[in-house]
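Enquirer: Need the 3D shape of this:
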Amino acid sequence: MTDSALTVLLVDDNEMIRDCVTAYLEDEGFTVYSYATAEEALELIAAINPSVCISDMRLPGMHGEEFILKAQINSPLTRYLLHTGMLYTLSDELRAIGMTDGDIFLKPLHDLSKLVQKITQIAAVRGGQ
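Expert: Numbering: from 1, shown residues only. The predicted model follows:
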């Protein structure tokens with residue numbers, strides 16, 4: 001069980017995936033805020049100030065990379081992960097904000113414990129915040 005103070009923001013337009021990942025992370029003790037659009041999440045990210053933000057790449061309207069780059073300005077201490085169904089190579093801009101290939105999780109992710117391990121690892125580096 002993780003520290004319940006650890007906050008995760010999830011952005012995915014697929015309701016079933018959003019509900020499933022949210023429920024799993026909440027069962028693991030995380031506080032989770034989930035949104036169907038990048039625009040919705042962007043409006044609230046500064047207020048939420050999550051430790052980790054998990055974003056789909058293909059979203060209606062603003063796509064995942066654009067969202068992450070804008071969100072990072074409003075919440076610079078947040079670590080960003082991609083949960084996507086497409087093969088994706090990180091752009092130079094995403095690498096510049098500290099993302100690595102290890103921050104990409106391909107759908108369908110059959111073992112969500114891998115996502116929990118990554119979030120826990122991020123929290124350990126941040127001192128549990």
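Enquirer: switch to C-alpha atoms for all contacts and neighbour counts from now on
Expert: Fine.
Enquirer: for the helix or strand hosting residue 122, packing partners?
Expert: For residue 122, the element it lies in under DSSP states H and E is helix 113-125. Helices and strands touching helix 113-125, by 3 or more C-alpha pairs under 8 Å, 6 or more residues apart in numbering; DSSP states H and E: there are none.
Enquirer: same thing but 10 Å
Expert: Identification of packing neighbours for helix 113-125 by 3 or more C-alpha pairs under 10 Å, 6 or more residues apart in numbering; DSSP states H and E yields strand 7-11, helix 15-27, strand 52-55, strand 79-84, strand 104-106.
Enquirer: My read is that residue 103 contacts residue 97, right?
Expert: No - using C-alpha atoms under 10 Å, residue 103 is not in contact with residue 97; the gap is 11.9 Å.
Enquirer: which residues are common contacts for these two?
Expert: 79-80 (C-alpha atoms under 10 Å, 6 or more residues apart in numbering).
Enquirer: surely residue 88 meets residue 104?
Expert: Yes - the pair residue 88 / residue 104 is scored as a contact, 8.0 Å apart, by C-alpha under 10 Å.
Enquirer: what about these two, which has more around it?
Expert: In terms of neighbours (other C-alpha atoms under 10 Å), residue 104 is the more surrounded of residue 88 and residue 104; the figures are 21 against 13.
Enquirer: Dig out what the more buried one forms beta bridges with.
Expert: On DSSP bridges, the residues paired with residue 104 through beta bridges are residue 82.
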